[in-house]
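In: here are the coordinates; sequence isn't available:
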């Protein structure tokens, strides 16, 4: 069993998740790269292996499938006595279309929430006991500025279904951080910024390499760091 600090990243086969895996591996973490697509997950892990990283491993996990999450937890627990960091990164956009809530397809909205909100919640619930075995447990929920009510209302943005799911994710961050405020848990939401990934058909203004610093920062904070907050590269982000 590994004695290095361990991290599980959902949606780690591409984009922000993959780059976060790479940068945490560079810091010496043992990284479990979660992916619902085993072929893509294995390929991503092999890509890091070819770059010289031996401290990475693929775990199949579909955050919308409770049985898949339970299997991933059993697999990880068989390899490590604890989990130090959980990064809830897996997410879907709901389509790059105008998401007017008066007309948005309700089944598509359910799918967005199943991944972006319920997926993060049930993944956290299944791994919380392993996190409690860590001396410095960290949970990072990868959110978005669209999850900020004030930001969304004051900007001309149309992806409201996606934003609603991230608002719910932020509420989960606050609720869980409050529940565990008397422990060493540090639980925060982060906004990586408008990043060119598959989520937005690579329309972002920055690369994943430029974006994931905020994720890595709050995955590795010390015990005197804040909890239950929402951050971006400029500091605290308004709810």
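Out: Perfect, thanks for sending it. For clarity, every value in this text was computed on a predicted model and none was experimentally measured. Residues are numbered from 1 along each chain as shown.
In: where along the protein do the strands fall?
Out: Applying DSSP state E to the chain gives strands spanning 6-9, 30-35, 56-60, 85-88, 138-142, 186-190, 230-232, 235-236.
In: And the longest helix along the chain, what's buried?
Out: In the chain, with assignment by DSSP state H, the single longest helix is helix 160-179. By 16 or more other CB atoms under 10 Å, the buried positions in helix 160-179 come out as 160-170, 172-174, 176-177. Placement of C-beta: from N, CA and C, glycine included.
In: Reformat the strands of the chain as TSV; add mean pLDDT.
Out: As requested, the strands of the chain are exported to TSV (pLDDT from 0 to 100):
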stretch	mean pLDDT
strand 6-9	98
strand 30-35	98
strand 56-60	98
strand 85-88	98
strand 138-142	98
strand 186-190	98
strand 230-232	95
strand 235-236	92
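In: Which one, of these, ends up nearest to residue 129?
Out: Proximity to residue 129 (CB to CB) singles out strand 85-88 among the strands of the chain, at 11.7 Å.
In: Describe which strands that closest one pairs with in its sheet and in which direction.
Out: The pairing partners recorded for strand 85-88 under DSSP bridges are strand 6-9 (parallel), strand 138-142 (parallel).
In: so which of these comes closest to residue 106?
Out: Among the strands paired with strand 85-88, strand 138-142 comes nearest to residue 106, with 24.4 Å by CB to CB.
In: Run the angle between the closest one and helix 160-179 for me.
Out: Strand 138-142 and helix 160-179 are oriented at 160 degrees to each other (axes from the mean of the first three to the mean of the last three CA atoms, to 10 degrees).
In: Give me the angle between strand 138-142 and strand 186-190.
Out: Using the same axes, to 10 degrees: strand 138-142 against strand 186-190 is 20 degrees.
In: Residue 120 reaches residue 170, doesn't it?
Out: No. With contacts counted by CB atoms under 8 Å, residue 120 stays clear of residue 170, the gap being 10.7 Å.
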